[in-house]
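**Student:** task: produce atomic coordinates for the following.
(one chain, ligands or ions: 2)
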Amino acid sequence: MTARRIFGVETEYGITCAAPPPAAGAAPHPPVSADDAARYLFRKVVQWGRSSNVFLRNGARLYLDVGSHPEYATAECDDVRQLVANDRAGEAILDRMVEEANALLEQEGVAGTIHLFKNNLDSAGNSFGCHENYLVRRRRDFQAMGDALVPFFITRQILTGAGHLRPRAGGGATYAFSQRADQMWDAMSSATTRSRPIINTRDEPHGDADLYRRMHVIVGDSSVAETTTMLKVGMTDLLLGMLEDGVRVRDLALAEPMRAIREISHDTTATLPVELTSGRRMSALAIQEEFLARVTGYLDAEGLTAELTAVQRRVLELWERGLRALREQDPTLVDTELDWAIKGRLIERYRARHTLALDDPRVARLSLAYHDISPTRGLATSLARRGLMARLTTDEEVAAAVETPPATTRARLRGEFVARAQERRRDVTVDWVHLKINDAAQRTVVLKDPFAPVDERVDALMAALQR
Ligand SMILES: Nc1ncnc2c1ncn2[C@@H]1O[C@H](COP(=O)(O)OP(=O)(O)OP(=O)(O)O)[C@@H](O)[C@H]1O
Ligand SMILES: [Mg+2]
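**Tutor:** Ligands and ions are numbered 1, 2, ... in the order given. Just a heads-up that it's a prediction; the model follows:
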């Protein structure tokens, strides 16, 4: 069997508060800033959690960082489908908060509707992220894995980019693969937000540091379609499995990664060549075809193909079909599964119906509505209902992930601890590795193994909460 792995996805959301048009002859409504909107959004959380940085009973972390972008970090998952359900649970939780905040605005007589967007750029051009976390085993040389990972992450956007309406210098607009590509600076770095590394090597494993590393990937676009999240995480997981097994991919390193990431995003044919350190020139499409061939070749050679899970098979099939769609220039092959193609189709249909240029503000509004998480104001729910956006999970799975933590990882212990503390109204402090009761005894349990869903020490801690 391919090795078990821990995954988590952190998503920062864009927030706006749109004012309705003023009544005839009346002055415009005073604007509500993104900061104020975020404060409305978190008012209830701060009331019960006494902080805008909390862990929830489903094991996830919800917080408001500087820059007023609400962030939801899923609990540790050990399966891609479970991860997608937990990521969608984050949207559901935030959507409920949006509805409550909008009700508050109305009660207080403030004109405006809060919207949250699962995208990566706000109207001022500020970028915010969607970070993927992968547990990797420490026994291998991590920097050597970077030779493979950097070209992989830079070219992956031709499949998993969210689609970006990009203003062109001098007027007009073009469609690009990724919202995030233009914002990335260094290929691999331990610096944080000032320069935007593709893989953040800050060594913070949230687990036993002798055994594990947490690979923190900050280059991806946020994904709306569940199948795009599935592919993004699933293909990375399969590649990591091969690299952890010691297989090296040295011959695909890019000569100028940061230039390549932009050029690849802007070329929606995916066929323009970029330069490799070997002097060879290859297109993003050819590089991805090579990665897919190496991964499937490895799985076959190791006899692992027959043991792949249903989702892993679906990942490999979509990876292949996504590349074929580009090779044949036929986006209809993936236009219910990959964000750039789903959104591209939506935009093209709308433009044709109303004869609009790509830089028309109505097209920009449609494009933004694709990312609005509201099931009523956003487009994803109705696209899915009409069969225009595929699903991986069911509504029941997502609803369950709102209430309960993943049952197979450390998250279960955290979620149950948080739930019990809330029921008993006890003061506790929690993070990814610690569970602590804030009383005279200050009992704390350190959870170093993210794979372990049961722990006797936590049973004792839970019993202490009952008293
Ligand atoms: N050992 C682990 N391996 C992989 N992922 C993990 C591990 N432990 C926790 N995670 C996941 O990592 C993510 C951490 O989210 P969090 O937002 O706290 O990230 P951070 O990088 O530590 O902090 P910040 O966003 O404040 O910089 C979560 O999605 C969580 O499920
Ligand atoms: Mg985070």
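
**Student:** please export the C-alpha coordinates of the strand ranked longest in the chain as CSV.
**Tutor:** Scanning the chain for the strand with the most residues, using DSSP state E, yields strand 130-137. The C-alpha coordinates for strand 130-137 follow below in CSV (Å, rounded to 0.1, in the frame of the first residue of the first chain):
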residue,chain,number,x,y,z
CYS,A,130,-4.1,28.7,0.1
HIS,A,131,-1.4,26.6,1.8
GLU,A,132,-1.1,22.9,1.6
ASN,A,133,0.6,20.9,4.4
TYR,A,134,2.1,17.5,3.8
LEU,A,135,3.7,15.3,6.4
VAL,A,136,7.0,13.9,5.0
ARG,A,137,9.3,11.5,6.7
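
**Student:** tell me what it is packed against?
**Tutor:** Strand 130-137 sits against strand 7-12, strand 212-217, helix 226-244, with contacts defined as 3 or more C-beta pairs under 8 Å, 6 or more residues apart in numbering; DSSP states H and E. To be clear about C-beta, it is placed using only N, CA and C from the backbone, and glycine gets the same treatment.

**Student:** any bit of that strand sitting next to ligand 1?
**Tutor:** Yes. Strand 130-137 is in contact with ligand 1 by C-beta under 6 Å from any ligand atom, via 133-135.

**Student:** run the chain-centre distance for that strand.
**Tutor:** 11 Å (C-alpha atoms, centre = their mean, to the nearest Å).

**Student:** now it and helix 226-244, what's the angle there?
**Tutor:** Between strand 130-137 and helix 226-244, the angle comes out at 30 degrees (axes from the mean of the first three to the mean of the last three C-alpha atoms, to 10 degrees).

**Student:** after strand 130-137 comes which helix or strand?
**Tutor:** The helix or strand immediately downstream of strand 130-137 is helix 142-160, counting by DSSP states H and E.

**Student:** now the helix or strand that comes right after that following helix: average pLDDT?
**Tutor:** Per DSSP H and E, the first helix or strand lying C-terminal to helix 142-160 is strand 164-167. The average pLDDT for strand 164-167 rounds to 94.

**Student:** over to stretch 388-398?
**Tutor:** On average, stretch 388-398 scores 98.

**Student:** which SSE is the residue in the stretch 201-350 of the chain positioned nearest to ligand 1 in?
**Tutor:** Going by C-beta to the nearest ligand atom, ligand 1 is nearest to residue 206 of the stretch 201-350 of the chain, at 3.4 Å. Under the criterion DSSP H and E, no helix or strand holds residue 206.

**Student:** apart from its neighbours in sequence, what residue is nearest it?
**Tutor:** Nearest residue to residue 206, sequence neighbours excluded (C-beta to C-beta, 6 or more residues apart in numbering): residue 432, at 4.2 Å.

**Student:** please report how far the one you found lies from ligand 1.
**Tutor:** Computed as C-beta to the nearest ligand atom, to the nearest Å, the residue 432 to ligand 1 distance reads 5 Å.
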